Structures are given as structure tokens and as C-alpha cells.
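J.: Could you work out the structure for the sequence below:
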Amino acid sequence: MIKKDPPVALTDTLTMLGTNEYPIYLVNGGAEGAIFEGGVGAMGPILETQLAQLEITGDFVKQIFVTHAHPDHVMAVPALTKMFPEATVCASKPAAQVMQVDKAISFFCKADQMITDALQKAGSIGPDVAPQPLEEMRIPVDTYHADGDLVVIGDAEYDVLFTPGHSDCSLSFYNPAEKVLIISDATGYFVPDDFWWPNYFSHYGEYVDSINRLVSLETEVLCLSHNAAIVGAADVEAYFKGALEATEAYHARIIADVKAGKSVREIAGALGQEVFART
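T.: The predicted model follows:
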């Protein structure tokens with residue numbers, strides 16, 4: 001089952017917030033909560049409204065988890081830390097290093113404004129919704145996490161998985177008790193009419209290995225970072241099968257085009273136009 005149109009409850013302890021384009025996940029561990037995903041800056045005011053509707057107070061969220069250091073996954077973190085001043089920001093060490101670089105965050109701010117403009121043009125957010133200006137060109141991280149770590153959120157426990165391929169700093173999170181898996185962009189960009197845009201931006205082999213590792217987990221709720229969550233074991237299995245097949249076909253096509261003598265610009269242009277048309 002495709003779940004979208006936040007805010008929407010995925011389980012008794014997991015709620016999808018944000019917008020369809022940029023879901024953000026709230027885990028309720030009973031005594032405390034956590035946010036997974038750092039979204040885009042425009043999610044700040046949207047999350048503030050949604051959390052108020054859910055009666056989530058400023059002392060409830062104790063941890064904010066960044067899945068990887070791309071601009072559409074970190075730029076709401078400063079707003080979240082203001083909403084939840086007791087919360088620690090958690091990320092992989094490579095992601096944290098990127099988030100301390102002035103030049104990177106300056107670029108992220110430019111990308112964030114472009115995304116805001118696109119969301120406003122599409123009608124996904126109102127014309128008055130805008131990112132908050134950053135006080136400094138860095139996004140502080142308090143705690144590093146790596147593969148094999150266990151994070152505790154009140155009564156909930158999530159295993160930390162290093163899932164590179166989309167980026168060199170990507171983390172996924174798995175709750176075996178509730179069979180919830182939060183994977184961000186580890187399987188690419190999914191549009192819920194069965195279209196996948198493979199996003200192996202750092203390494204194809206690692207990307208495929210990460211997908212196969214995620215497939216091996218018993219999952220009933222799969223949390224993506226764009227457009228949807230997938231609920232139901234059979235639907236999650238079908239999703240992974242589709243993502244892997246789309247990735248292998250995409251890569252085979254690129255290899256065939258290279259062997260046929262097409263230039264990088266020509267291949268990238270054709271692929272980019274197709275993705276743009278679908279997304």
C-alpha cells in the first residue's frame with residue numbers, strides 16, 4: 001500500500017510529516033520522540049504547524065537523525081533544533097564533516113531556494129512559506145553514528161545501517177520489533193506509478209549491495225524520503241524488486257550507450273530529459 005499526503009500515521013508509533021515531495025518521520029517512543037530526515041528549509045514552518053496539531057511539545061523530541069548530507073535532507077535541521085532545543089542532531093561522521101563546510105552549506109542554501117521556488121510553483125506549499133535564513137554557514141552535528149550502532153528512542157530501538165551508493169555518507173535505520181525500515185534515498189527516487197530514477201551518485205556496486213542488504217530485512221513499513229512510504233510486507237518486497245530491476249536496466253543502458261560511442265553529455269541529456277518528464 002502506498003501511503004502519502006502527510007500528516008498520516010503509518011503505525012501506532014510512526015507518523016509521516018512534511019509534504020509528499022519531502023516526507024519527514026516522527027517516531028514516538030513513549031517517553032520521548034525522534035525525527036528522521038532533515039528535509040528542505042521550507043519544511044520548517046510546515047512541520048511546526050503539523051507538530052502543533054499533533055500536540056507534540058518542544059521537549060518531546062530528543063534526537064534528529066540526518067540520513068545523508070544532501071541539501072534536500074539537511075536544510076530543515078536548523079528549524080527543527082529551534083523547535084526542539086533539547087534534541088541532539090545525529091549523522092554519520094562523513095555527513096557531519098560536509099555539514100561543517102561553509103562552501104557546501106552556501107551551495108545548499110542556493111539549492112534550497114530553488115527547491116522552495118519549485119514547490120511554490122507546483123502549489124505544494126503556499127507562497128508565504130519560506131526557509132529561515134541560517135545564522136551561520138554550517139549545520140552542527142552533536143552525535144556520530146555508524147554501521148552496527150543501536151539508537152534508543154524511549155521504548156523504540158533502531159539498528160543503524162551504513163548503506164552507501166547514493167552517497168558516501170548514507171545511513172538507514174531498522175526497527176526489527178515493528179519491522180520498520182527508514183532508507184532515505186538508498187533505493188533512488190520513486191514516483192508512485194512504478195517509476196524509479198536510480199540515484200547511485202557515488203558508486204553503482206555499493207548502491208546495489210545496499211539494496212540487497214535492505215531486501216534481506218523483514219520489513220512491513222518502508223519509509224522513503226520522497227513521494228511515499230510503502231506499507232505491507234508483499235508491497236515492500238515488490239518495491240525492492242522493482243527498484244533493483246530498474247537500477248540494473250538503467251546501468252546496462254548506460255554501458256550500452258558508452259560502447260555505442262555516445263558522449264557523456266549526450267547520455268546524460270537523454271536520461272535527464274526522461275527523468276524530468278516523469279518527475
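
J.: Go over the secondary structure and confirm Gln273 is in a strand.
T.: No: with DSSP: H, G, I helix; E, B strand; the rest coil as the criterion, Gln273 is assigned helix and is not in a strand.

J.: for it, what are its contacts?
T.: Going by Cβ atoms under 8 Å, 6 or more residues apart in numbering, Gln273 touches no other residue. All C-beta atoms are positioned from the backbone trio N, CA, C, and that covers glycine.

J.: gap between it and Gly261?
T.: 20 Å (Cβ to Cβ, to the nearest Å).

J.: Sketch out the low-pLDDT regions of the stretch 51-200 of the chain for me.
T.: Within the stretch 51-200 of the chain, no stretch has pLDDT under 70.

J.: mind redoing it with 90?
T.: Under the criterion pLDDT under 90, the flagged ranges of the stretch 51-200 of the chain are 130-133, 135, 193-194.

J.: Break down it into its strands, ranges please.
T.: For the stretch 51-200 of the chain, the strands defined by DSSP state E, counting those that start in this stretch cover 61-65, 88-91, 143-144, 150-153, 156-162, 171-175, 180-184, 189-191, 195-197.

J.: and the second one, what other elements does it pack with?
T.: Strand 88-91 sits against strand 61-65, strand 143-144, with contacts defined as 3 or more Cβ pairs under 8 Å, 6 or more residues apart in numbering; DSSP states H and E.

J.: Confirm for me that Ile267 is in contact with Asp257.
T.: Yes: counting by Cβ atoms under 8 Å, Ile267 does reach Asp257; the two are 4.8 Å apart.

J.: in the longest helix along the chain, what counts as buried?
T.: For the chain, the longest helix by residue count, based on DSSP state H, is helix 233-259. Along helix 233-259, these residues count as buried under the neighbour rule (16 or more other Cβ atoms under 10 Å): Val236, Tyr239, Phe240, Ala243, Leu244, Ala246, Thr247, Tyr250, His251, Ile254, Asp257.

J.: With distance to Trp196 and pLDDT added, can I get those residues in CSV?
T.: Below are the buried residues of helix 233-259 laid out as CSV (distance: Cβ to Cβ, whole Å; pLDDT from 0 to 100):
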residue, distance to Trp196, pLDDT
Val236, 14, 98
Tyr239, 9, 97
Phe240, 11, 98
Ala243, 5, 97
Leu244, 9, 97
Ala246, 4, 97
Thr247, 7, 98
Tyr250, 8, 97
His251, 12, 97
Ile254, 15, 97
Asp257, 19, 98
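
J.: Closest to Tyr158 out of those residues?
T.: Val236 (16.9 Å; Cβ to Cβ).
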